[in-house]
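Colleague: sequence first, predicted coordinates after that:
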Amino acid sequence: MQTIGDLSSLVPLQVNPVPWARAQMAFTLAFHIILVPLGVSWAAMTLIANYRAIRRHDVDSLRLAQRWSKYMAVTFAVGAVTGTVLSFEFGLLWPQFMGKWGEAFGIPFAFEGLFFFVEAVFISIYIFGWRRLKPWAHFWTGVPIPVAGILGSASVVAANAWMNSPQGVTLDSSGNVTEVDPVGVILNDAMPLMAAHMIIAAYLVGGFMIASVYAVGMLRGRMDRYHRLGFIISFTVAAVATPVQMGVGDGLARWVYTNQPTKFAAIEMVPQTSSDVPEVLFGRLSSSGQVEGGIAIPGLASWLSDPSTGRATVIQGLDSFPADGRPTISQVNIVHLCWDIMVGLGTLLFLFTLWYWASWIFRRNMPRSRWFLRAAAIAGPLSVVSMEAGWTLSEVGRQPWIVYNQMKVADAATTNTGVWLTFIAVTLLYAALGTTLILVLRAMSRRAQDRDRFEDSDTPYGPREPAEGPEVRTR
Amino acid sequence: MSTAAAVLLMLAVAFYAIFGGADFGAGFWDLTAGGPERGRRPREVIEHSIGPVWEANHVWLIFVFVVLWTCFPEAYASIMLTLFVPLTIAALGIVLRGASFAFRKAVTQVRDKRLFGGTFAISSVLVPYCFGAVAGGIASGRVPAGGRSGDPWTSWMNPTSVVVGVLAVCVVAYVAAVLLTWDAGRLHDEKLVAYFRSRAVGAAVVTGVLAVVGLFVLRGDARYVFDGLTSRALPLVVLSALAGAGAFLLLRGKPRRGARVAALVASGALVLAWGLAQWDYLLPETLTVSQAAAPTGTITAVLLVAALAVLFIAPAFALLYTLDQKSLLPDEGVHDGPQQPTDLG
């Protein structure tokens, strides 16, 4: 046993695990959240293409639906493993949090597991079904996929919303959970708007991401009907989601104003409680707690927070909370910057979709300009940046709390001092994973262009290949 | 209530060991199949056999975690704190395994297939070993109660962990070899039937010897579980041994369906025997199931989800199975549109 004891000295640095645990969680979630929109919304777009194919006897739509179902399966498979890692990390990085709150926080995940299972099985059924079911029957086997995707993401967001609005639990005098009301936990006050915001984001980002791939293809001269269809279906989904998202986002911001004043003070960068608060674009909070730089629009932050009282609306400043119960100055700067990025890019994308709608209304066709396609090509990455910014502001804005007003992040983390090592390992692994995923999808796409029939053998969820060999009997 | 949650937890672990285990075991034979030319045919059968819904098998693991952290949060915290190292390795192994399996199917070049295939196979062996070591750490009482950390190294580098870890690899390899023999038989490939049968024999002998050695190790190192295995869990231990031996006998001659079932029963019964042997402790001799259990509301919700899962997922799986058996429709996919696919491509 002597040698075993010595092993701990092989880990040279006894590093404080809290910042590393936060970094690892942030990194793995940031990666996973890019795959989420594809998992949630791609199936719906595939079904739209499938529907058109059957209704209008359209071969191009059929080809699109068949290819999308295969790419979707690969991204879903990678999303499934990165999601599995997250379920390890809850315990590996935040054991004290799970130990104390698992009985409440865990419940939404039980439902999420159920929906995930349904989604996985039906993706498989749908891919099998291409060559085994009649067209309409096959279409209907695809419908559970987006439904389960929506319910599954609502469940995950319910857990995150519960961290912002911990309800449905009864605590004893020493703060331990004695009774849990599962309905109260899942349907906490923050959940409806947060879930709607994330699900619509999934459609918005998924639509823009896929549309940018086809925009690039069209810019390279592939102006055929197939590419146009791929672009129009995905871009239209995004163009429907974008204005809705602005409304939901506005509602959510007002919910935060009423229910999470610390986060709201960080978002609007308000050092002192006051009315007639200006909306500051960019700018930063100095170490002495003063707003520096940026463009101030007088009274707008107050007016947006509650239009009924207008510029007289009072916003609670950071000074009304104890220093150890509110985000630090650098965290405030991150939250405010992310807010600017999310709202700024969101508005830009909204204006861009107006161009698209105007063209349909006046010309009965999508815009012809190459500048439109160039903008569409970068809209995908921009929408991802916007989503990442929104997620960052939600998480950093909750600091220092892991469970709002109940438990601090620092008290929730693991005591293992080797987390910095796992952080490095995970970062390298995910970098390789992301690169490979893109390369594999590109290779699949190139192969698909040289092939004229749907072959389902090369997807992870596809049917077994009839193994080759002399003695093999084909089924 | 807490008993129901514990039964649910053990069932989920058993299902993961059975179905996930069979996948891991197939990865073991993939690893040992030799160079690209020599191992081509066995690998084809392995890929064919791992089946269409390989991802569904991971869901059992997620289910284990969810039940554990929701119904027994304190024990979950202790386990994850103490067994940080093997669980981290297992998590990374699962990412590598799942991703490389998916990618291997999607790439065509031999070089790429080898890279992803190798990663897939190595992580397939690493993950069951780590989970076995984790089980050994829990069974031998090295995980303390109260959300505290035990020793980060000896908790999984100890006699019980090592023997259970190796045993886990052997059991999954044995189960997979039995399944692969049956699959090769279904493909009427007599050469491969013999190939996997001889491997099943080898794995069975090693597993049997190891199980006996393991009992002696447990007697010295994990007394509570040893006592349980030799008393209340004895019927399950006997069932596991009989099923294991039965699968072995059923493989002789023409491979039969019974061999498959027997092999799955053998590994499932072994896991359930472990669970029963440490009853009524969740963490032996420090934390009982009823002490560790979450409030009633939580457990009710989890049991409800389990019932819904059976209700929704069983018919879905039945449909998938039917589709798998069904022959292809004529004109592969073209029936969705009236035009012939001549204008495609």
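Modeller: Yes, it's here. Numbers count the residues shown, from 1 in each chain, chains lettered A, B, ... in the order given.
Colleague: what does the pLDDT read for residue 131?
Modeller: Using chain A here. At A:Arg131, the model reports a pLDDT of 79.
Colleague: not quite, I wanted chain B
Modeller: In this model, B:Phe131 carries a pLDDT of 94.
Colleague: how about the residues of the stretch 101-250 of chain B near chain A?
Modeller: Residues of the stretch 101-250 of chain B lying near chain A by Cβ under 8 Å from any Cβ of the partner chain: B:101-103, B:105-108, B:147, B:149, B:152-154, B:157, B:187-190. From N, CA and C alone the C-beta is placed, and that goes for glycine too.
Colleague: of those residues, buried ones?
Modeller: B:101-103, B:105-107, B:147, B:149, B:152-154, B:157, B:187, B:189 (16 or more other Cβ atoms under 10 Å in any protein chain shown).
Colleague: longest helix of the chain?
Modeller: Let's take chain A. When chain A is parsed with DSSP state H, its longest helix is helix A:17-55.
Colleague: actually it's chain B I care about, not the one you picked
Modeller: As assigned by DSSP H, the longest helix anywhere in chain B is helix B:190-221.
Colleague: list the buried residues of the very next helix or strand once past that helix.
Modeller: Where DSSP states H and E defines the elements, the next helix or strand beyond helix B:190-221 is helix B:223-229. By 16+ other Cβ under 10 Å, the buried positions in helix B:223-229 come out as B:224-226, B:228-229.
Colleague: nearest to B:Tyr195 among those residues?
Modeller: Taking Cβ to Cβ as the measure, B:Tyr195 lies nearest B:Leu229 of those, at 34.3 Å.
Colleague: quick one, phi psi at A:Asp189?
Modeller: With angles defined as degrees, to the nearest 10, A:Asp189 sits at phi -60, psi -30.
Colleague: hang on, I meant A:Val403
Modeller: When read as degrees, to the nearest 10, the backbone of A:Val403 gives phi -120, psi 120.
Colleague: tell me how many other residues crowd A:Phe139.
Modeller: Close neighbours of A:Phe139, defined as other Cβ atoms under 10 Å in any protein chain shown, add up to 20.
Colleague: what ranges do the helices span in the stretch 201-345 of chain B?
Modeller: Ranges of helices within the stretch 201-345 of chain B are B:223-229, B:234-250, B:257-277, B:289-292, B:296-325, based on DSSP state H, counting those that start in this stretch.
Colleague: same question, the stretch 51-200 of chain B
Modeller: Counting by DSSP H, counting those that start in this stretch, the helices of the stretch 51-200 of chain B are B:56-71, B:73-82, B:84-106, B:110-139, B:159-186, B:190-221.
Colleague: just the buried residues of the second one, please?
Modeller: Meaning helix B:73-82. Using 16+ other Cβ under 10 Å as the test for burial, helix B:73-82 gives B:73-82.
Colleague: other SSEs contacting it?
Modeller: The contact analysis (3 or more Cβ pairs under 8 Å, 6 or more residues apart in numbering or on different chains; DSSP states H and E) places helix B:73-82 against helix A:59-93, helix A:95-105, helix B:56-71, helix B:110-139, strand B:281-283, strand B:287-288.
Colleague: between helix B:110-139 and that helix, find me the angle.
Modeller: Orientation note: helix B:73-82 sits at an angle of 120 degrees relative to helix B:110-139 (axes from the mean of the first three to the mean of the last three Cα atoms, to 10 degrees).
Colleague: mind exporting the C-alpha coordinates of helix B:73-82 to PDB?
Modeller: The C-alpha trace of helix B:73-82 is given here as PDB (Å, rounded to 0.1, in the frame of the first residue of the first chain):
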ATOM      1  CA  PRO B  73     -28.200  12.600  -2.800                       C
ATOM      2  CA  GLU B  74     -25.900  12.200   0.200                       C
ATOM      3  CA  ALA B  75     -24.600   8.900  -0.900                       C
ATOM      4  CA  TYR B  76     -24.100  10.200  -4.500                       C
ATOM      5  CA  ALA B  77     -22.000  13.100  -3.100                       C
ATOM      6  CA  SER B  78     -19.800  10.700  -1.100                       C
ATOM      7  CA  ILE B  79     -19.300   8.400  -4.000                       C
ATOM      8  CA  MET B  80     -18.400  11.100  -6.500                       C
ATOM      9  CA  LEU B  81     -16.100  12.800  -4.000                       C
ATOM     10  CA  THR B  82     -14.200   9.700  -3.000                       C
END
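Colleague: between the helices and strands packed on helix B:73-82, which gets nearest to A:Phe350?
Modeller: A:Phe350 lies closest to helix A:59-93 among the helices and strands packed on helix B:73-82, at 25.7 Å (Cβ to Cβ).
Colleague: mean confidence score for the closest one?
Modeller: Per-residue scores along helix A:59-93 average to 86.
Colleague: am I right that A:Ile402 sits in a helix?
Modeller: No - A:Ile402: not assigned to a helix; according to DSSP: H, G, I helix; E, B strand; the rest coil it is strand.
Colleague: what's near enough to touch residue 33?
Modeller: No chain in the question, so chain A it is. Contact analysis of A:Ile33 by Cβ atoms under 8 Å, 6 or more residues apart in numbering or on different chains lists A:387-388, A:391.
Colleague: wrong one, I was asking about chain B
Modeller: Contacts of B:Ala33 by Cβ under 8 Å, 6+ apart are B:39, B:42-43, B:46.
Colleague: can you lay out those as CSV showing secondary structure?
Modeller: Shown next, in CSV, are the contacts of B:Ala33 (three-state DSSP):
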residue, secondary structure
B:Gly39, coil
B:Pro42, helix
B:Arg43, helix
B:Ile46, helix
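Colleague: out of these, who's the most crowded?
Modeller: Result: B:Ile46 is most packed of these (other Cβ under 10 Å), 26 neighbours.
Colleague: so what's the residue of the stretch 151-300 of chain B found nearest chain A up against?
Modeller: For the stretch 151-300 of chain B, the residue closest to chain A is B:Ala294, as judged by Cβ to the nearest Cβ, at 3.5 Å. By Cβ under 8 Å, 6+ apart, the contact set of B:Ala294 is A:102-103, A:177, A:180, B:5, B:70-73.
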